[in-house]
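Peer 1: need a structure here:
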Amino acid sequence: MDYDPKAVVMTFCGVPVTGYAKGSFIKVEPAEDSFKKYVGADGETSRTRVADETVNVTLNLSQTSPSNAVLSAQHKLDRKSGTGKGPLMIKDLKGTTLVYAKNAWIRKMATADFGDEINAKEWAFDTGKAEYVNGGNEVV
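Peer 2: Just a heads-up that it's a prediction; the model follows:
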């Protein structure tokens, strides 16, 4: 299999995100389980399909990434006027993973952390209904 972290791209409100941190830099997870289980007193089991098709996205950027300033401005705009939400897309260009939400927003601004080395800044996003394909990479 062939994986290239440079081939993983993310855009938010149409602007490419750059300057990913070392290690894990994007994490996508469904906001809720797909099904809820119900077990009756007699052991009969049923399930309910959960309608929530939203995802939570965690983005880790290097403290030197210019995208930190862009995301800070977008978050400030959203807090001030409610107009800072927009489309979010994550794609592995060498694989089949794809995340797309027409509406996404920054849930939490990254913490400022200073030390004797370059640190990562963690950004938290929420989305409206999202298309999420957790794919893989081709065998070479």
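
Peer 1: what comes into contact with stretch 64-77?
Peer 2: If you take C-beta atoms under 8 Å, 6 or more residues apart in numbering as the criterion, stretch 64-77 is touched by 12-13, 15, 17-21, 61, 83-84, 106, 109-110, 118, 121, 123. Yep, even glycine has a C-beta here, placed from its N, CA and C like the rest.

Peer 1: just the buried subset of those, please.
Peer 2: Buried positions within the contacts of stretch 64-77, assessed by neighbour count (16 or more other C-beta atoms under 10 Å), are 12-13, 17, 20-21, 61, 84, 106, 109-110, 121, 123.

Peer 1: relative to residue 92, which of those residues is nearest.
Peer 2: Of all the buried ones among the contacts of stretch 64-77, the one sitting nearest residue 92 is residue 20; the distance, using C-beta to C-beta, is 13.0 Å.

Peer 1: for the nearest residue to residue 16 once chain neighbours are set aside, what are phi and psi?
Peer 2: Setting aside the residues directly before and after it, residue 16 is nearest to residue 9 in space (C-beta to C-beta, 6 or more residues apart in numbering), at 6.7 Å. According to degrees, to the nearest 10, the main-chain angles of residue 9 amount to phi -120, psi 150.

Peer 1: my read is residue 79 is in a helix, agree?
Peer 2: Yes: going by DSSP: H, G, I helix; E, B strand; the rest coil, the assignment for residue 79 places it inside a helix.

Peer 1: if we can go back for a sec, mind checking which of the contacts of stretch 64-77 land in helices?
Peer 2: In helices, judged by DSSP state H, none of the contacts of stretch 64-77 are found.

Peer 1: picking up where we left off before, show the contacting residues for the residue nearest to residue 16.
Peer 2: For residue 9, the residues meeting the contact criterion (C-beta under 8 Å, 6+ apart) are 16-17, 89-91, 93.

Peer 1: show me the biggest strand of the protein in terms of residues.
Peer 2: For the chain, the strand with the greatest residue count under DSSP state E is strand 98-108.
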